[in-house]
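>>> this is the structure alone, sequence omitted:
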């Protein structure tokens, strides 16, 4: 547990779970709320795999947001881990932010997540995301539609990408938290170590640059981070399931791997404010998403919820 620093009686704090279907925009929203890119984003669904805590600290209080994997029907052990993680993240939280992609029709996946939110008994706020893609009439229709589905504390139409109404969302969260301590130092914005963030940035570039068959079959582990004078040397391994995927990731004459490394290095340098030498390797571990020993090695355990 993080250290608790006592604050004045007016200081509010609490844990807020952010849930929704894959690709609803949860990570984009949290990057916007904390004011810095700390979570990777992609147009491909099921990008987030872990429970990650992002911290927003202001004079009035501290919100510990819990970013969760998108809730979906799992097809392998890694997928089961992701769903278990999302469900387990609701325990002990003070509030739920249910993020919905308002630009697509309400479906069975939305209904499943909505029922999970209702059954939790935890107060919830509905964030209707991607309103930049809708007309005012469509937004109003969505608000009415979802307001009839559950007893939400608030319904907030937002655009996480454009930052529209995200400040309003924050303003609605604080009154729903009780007076409490500061759980993390005020300069903390994520509960994960630098190695985790670096690995995720590399994986983000894989999601962006490679074909459909590769993204969800890939994992990244940072094996070494060493300070060498004014240079940070990072060595990381990209894990895939098949030799054909290894060939795609490396690319002709190593072009794809070089581009992944170049784009990742630029973001890592900006994040860490340090010059970086990034060394990438690609290895094959067949069917790793269904092997518990490998999943545990990467911090994924589908037997835990």
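On my side now, so go ahead. Computed from a predicted structure; not experimentally measured. Numbering: from 1, shown residues only.

>>> residue ranges of the strands in this structure, please?
12-20, 52-58, 61-67, 95-101, 124-129, 154-157, 219-228, 231-240, 275-284 (DSSP state E).

>>> who does the second one touch, helix- and strand-wise?
Based on contacts counted as 3 or more Cβ pairs under 8 Å, 6 or more residues apart in numbering; DSSP states H and E, the elements that strand 52-58 packs against are helix 26-34, strand 61-67. C-beta: built from backbone N, CA, C; applies to glycine.

>>> show residues contacting the longest one.
With contacts defined as Cβ atoms under 8 Å, 6 or more residues apart in numbering, helix 26-34 is touched by 18-20, 37-41, 47-48, 54-56, 65, 67-68, 70, 97, 99, 127, 129, 158, 160-161, 163, 166, 169-170, 189-190.

>>> what's the offset of that helix from the middle of its chain?
8 Å (Cα atoms, centre = their mean, to the nearest Å).

>>> between strand 124-129 and that helix, find me the angle.
100 degrees (axes from the mean of the first three to the mean of the last three Cα atoms, to 10 degrees).

>>> list the buried residues of helix 26-34.
Going by neighbour count (16 or more other Cβ atoms under 10 Å), the buried part of helix 26-34 is 26, 27, 28, 29, 30, 31, 32, 33, 34.

>>> same list, the helices and strands packed on strand 52-58, but as a markdown table with mean pLDDT and distance to residue 238 please.
Output for the helices and strands packed on strand 52-58, formatted as a markdown table (pLDDT from 0 to 100; distance: least, Cβ to Cβ, whole Å):
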| stretch | mean pLDDT | distance to residue 238 |
| --- | --- | --- |
| helix 26-34 | 89 | 21 |
| strand 61-67 | 90 | 23 |
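
>>> may I see the strands of the chain organised as JSON lines, with mean neighbour count and distance to residue 201 added?
Shown next, in JSON lines, are the strands of the chain (neighbours: other Cβ atoms under 10 Å; distance: least, Cβ to Cβ, whole Å):
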{"stretch": "strand 12-20", "mean neighbour count": "23", "distance to residue 201": "20"}
{"stretch": "strand 52-58", "mean neighbour count": "20", "distance to residue 201": "13"}
{"stretch": "strand 61-67", "mean neighbour count": "24", "distance to residue 201": "15"}
{"stretch": "strand 95-101", "mean neighbour count": "23", "distance to residue 201": "22"}
{"stretch": "strand 124-129", "mean neighbour count": "24", "distance to residue 201": "23"}
{"stretch": "strand 154-157", "mean neighbour count": "19", "distance to residue 201": "29"}
{"stretch": "strand 219-228", "mean neighbour count": "15", "distance to residue 201": "9"}
{"stretch": "strand 231-240", "mean neighbour count": "19", "distance to residue 201": "10"}
{"stretch": "strand 275-284", "mean neighbour count": "15", "distance to residue 201": "10"}
